[in-house]
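1. no sequence on this one, just coordinates:
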C-alpha cells in the first residue's frame, strides 16, 4: 500500500518525525495580529516571525502529509496525489533540517527557503484536481456525490490549511520588501477599497469572457469607491473574479443566440458594522434547486474539464471561463479564512445572486483544520 511507497523514497526516521509533528497543536493568528505585528518589520520582529514559522509550518505541513496517506477510495494511490504528498514531505524535510534561527542572517536564509517551498506548492490545486479526476475516471459515470462526502471534507480541510500556510509564508516574505506600497503591511492593505478591487476583478473576468465568446455583458458596480477597510486584496480579487466569471458565463450562454441585449451583471458593495458584503447579481437563468448543493463540491463542474486538455499541467496556467469546478468552493474557503462567508441564492428561470461576506473586524482566528 501507500506506506510502502513512502519508505522507498523517504527514510523511516523522516516518516516517524512527520507522525510526531502532526500530533502537535497548531497556533492560529488573526488578520488584526498580522497587521499590528507587521506594521513594524524591525529585525527583531522578523526574527520572532521566522522562529514562529520554523516551528509552526512543520506542524501544519505534517498534518496534511499524514492525511494525504489515508484518503478513501484509493485516492492516496493516484499518481497526482502521490506527487503532492512528495512535495509536502520534501517541504517538511527542508523545514526540519534547517537549524535553529538565532540571528538576522539565519532568518534571511530561512526566508529564502520558505519562499522556495511556496513555489514548490504552486500547482497543488490543479494537481489535486487531477488526482480527483483520475479517481472519477476509475469510478465510472454513476458516482453518487453524497458518497464522496469524505473527499469533499478532506479537500475543504486541505485547501483551507493551504491558504493559511501560503498566507503565513507570503506575509513573512513580503515584510522584507524594502519599499512596500503605501498602506500595505505584507499582503494586507490597511486601506483597501472593495469597490476598486471589484472593478479590477470584473475587468479581468470580462476580458476572458470577450476572448472566449467574442462579446461580454456589461458590469455595473454600485458602492462608495472611497470606502476602505483592512483586508488582503489578492484574496478579494480571486473571489470576485470567480463570481463575476460565473455570472458572465451564465448570461453569455443564455443570450448567445438571442436577439435581446444581454442584461448587465450588477455588483453591490455594502458596508455594515460587522461585515462588508459584496453581492454579485446576474440574470443568467439561475441554477435549479437540486443543483445548488453541488456547486460547492469539488467534483462537479458544468463545463468540460480543462484538465483533460492540459494533462501535463505545465500549460495549466491557461485561465478558462470554466475551471475544473473548484472556483466556488475555494472562494468560499478564502472568505471563511478571515471570518467571512459566501452564499449563493438562485431563482431558476431568472438568475443567481452571490453574497460574499467579509468580516470587518479582523479579530477571528484562522480556522485550523
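-> Nice, thanks for sending it over. From a predicted model like this one, the values you see are computed outputs, not experimental measurements.

2. switch to C-alpha atoms for all contacts and neighbour counts from now on
-> Noted.

3. What distance do you get for residue 113 to residue 173?
-> Residue 113 is 10 Å from residue 173, where distance means Cα to Cα, to the nearest Å.

4. distance of the residue of the chain most remote from its centre from residue 245?
-> Residue farthest from the centre of the chain, counting by Cα atoms, centre = their mean, is residue 259 at 38.4 Å. The spacing between residue 259 and residue 245, counted by Cα to Cα, is 22 Å.

5. for residue 97, same thing?
-> Going from residue 97 to residue 245 by Cα to Cα gives 43 Å.

6. Mind checking which of those two has more residues around it?
-> residue 245 (24 against 9; other Cα atoms under 10 Å).

7. Next, the contact list for the closest residue to residue 39 other than its chain neighbours, please.
-> Counting by Cα to Cα, 6 or more residues apart in numbering, residue 39 lies nearest to residue 185, which is 5.8 Å off, once chain neighbours are set aside. The neighbours of residue 185, taking Cα atoms under 8 Å, 6 or more residues apart in numbering as the test, are 35, 38-39, 175.

8. Among the residues you listed, which one lies nearest to residue 361?
-> For those, the minimum distance to residue 361 (Cα to Cα) is 12.1 Å, reached by residue 35.

9. can you tell me the helix or strand for that closest one?
-> Take DSSP states H and E as the rule and residue 35 turns out to sit in helix 31-38.

10. related to what we said a few turns ago, would you turn the contacts of residue 185 into TSV with distance to residue 268?
-> Formatted as TSV, those follow (distance: Cα to Cα, whole Å):
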residue	distance to residue 268
35	27
38	31
39	31
175	33
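
11. out of those, which one sits closest to residue 152?
-> residue 35 (31.9 Å).

12. Does that closest one touch residue 188 like I think?
-> Yes - in this structure residue 35 lies within contact range of residue 188 using Cα atoms under 8 Å: 6.9 Å.

13. separation between the residue farthest from the centre of the chain and residue 81?
-> Residue 259 is 47 Å from residue 81, by Cα to Cα.

14. same thing with residue 73?
-> Counting by Cα to Cα, the gap from residue 73 to residue 81 is 13 Å.

15. out of the two, which sits in the more crowded spot?
-> A direct count of neighbours by other Cα under 10 Å for residue 73 and residue 81 places residue 81 higher, at 23 against 12.

16. picking up where we left off before, the more surrounded of residue 113 and residue 173?
-> The residue with more neighbours, out of residue 113 and residue 173, is residue 173; 20 against 15, by other Cα under 10 Å.

17. Identify the residue nearest that one in space, chain neighbours excluded?
-> The nearest residue in space to residue 173 (Cα to Cα, 6+ apart) is residue 111, at 6.2 Å.

18. hmm, back to that, check the secondary structure at the residue farthest from the centre of the chain for me.
-> What DSSP: H, G, I helix; E, B strand; the rest coil gives for residue 259 is coil.

19. all helices for the chain, in order.
-> When assigned using DSSP state H, the helices of the chain occupy the ranges 2-9, 12-22, 31-38, 43-69, 79-96, 104-120, 124-139, 149-174, 194-213, 233-255, 306-309, 327-337.

20. Point out where the stretch 251-369 of the chain drops to low pLDDT.
-> Applying pLDDT under 70 to the stretch 251-369 of the chain flags residues 300-325.

21. now with 50?
-> The stretch 251-369 of the chain contains residues with pLDDT under 50 at 302, 306, 309-318.

22. Just the strands from it, written as ranges.
-> Using DSSP state E, counting those that start in this stretch, the strands assigned to the stretch 251-369 of the chain run over residues 265-271, 275-282, 341-347, 351-359.

23. out of those strands, which comes closest to residue 251?
-> Set against residue 251 and scored by Cα to Cα, the strands of the stretch 251-369 of the chain come closest in strand 275-282, at 7.0 Å.

24. Can you list the neighbours in contact with stretch 31-43?
-> The contact list for stretch 31-43 (Cα under 8 Å, 6+ apart) reads 45, 104, 175-176, 185-186, 188, 190, 231, 338, 361-365.

25. May I see the PyMOL selection of the buried members of those?
-> To isolate the buried members of the contacts of stretch 31-43 in PyMOL, using 16 or more other Cα atoms under 10 Å:
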select buried, resi 175+176+185+186+188+190+231+338+361+362+364+365
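
26. what's the farthest-apart pair in the contacts of stretch 31-43?
-> Using Cα to Cα, those reach their maximum pairwise distance at 104 and 361, which is 33.0 Å.

27. Could you double-check that residue 362 lies in contact with residue 338?
-> Yes - contact between residue 362 and residue 338 holds when scored by Cα under 8 Å: they sit 6.8 Å apart.

28. Quickly list what's touching both of those two.
-> In contact with both residue 362 and residue 338: 30-31, using Cα under 8 Å, 6+ apart.

29. Now do the buried residues in stretch 339-350.
-> For stretch 339-350, by 16+ other Cα under 10 Å, it's 339-342, 344, 346.

30. same question, stretch 252-271
-> 252, 255, 262, 264-271.

31. Okay, residue 60 and residue 364: tell me how far apart.
-> For residue 60 relative to residue 364 (Cα to Cα), the value is 19 Å.

32. related to what we said a few turns ago, between which two of the buried residues of stretch 252-271 is the distance greatest?
-> Using Cα to Cα, the two most remote members of these are 255 and 271, lying 32.7 Å apart.

33. Quick check: residue 63 touching residue 22?
-> Yes - at 4.5 Å, residue 63 and residue 22 qualify as touching, with contact defined as Cα under 8 Å.

34. mind listing what residue 82 touches?
-> By Cα under 8 Å, 6+ apart, the contact list for residue 82 reads residue 76.

35. Read off the pLDDT value for it.
-> Looking at residue 82, its pLDDT stands at 96.

36. Please tell me how far it sits from residue 103.
-> Taken as Cα to Cα, the span from residue 82 to residue 103 is 37 Å.
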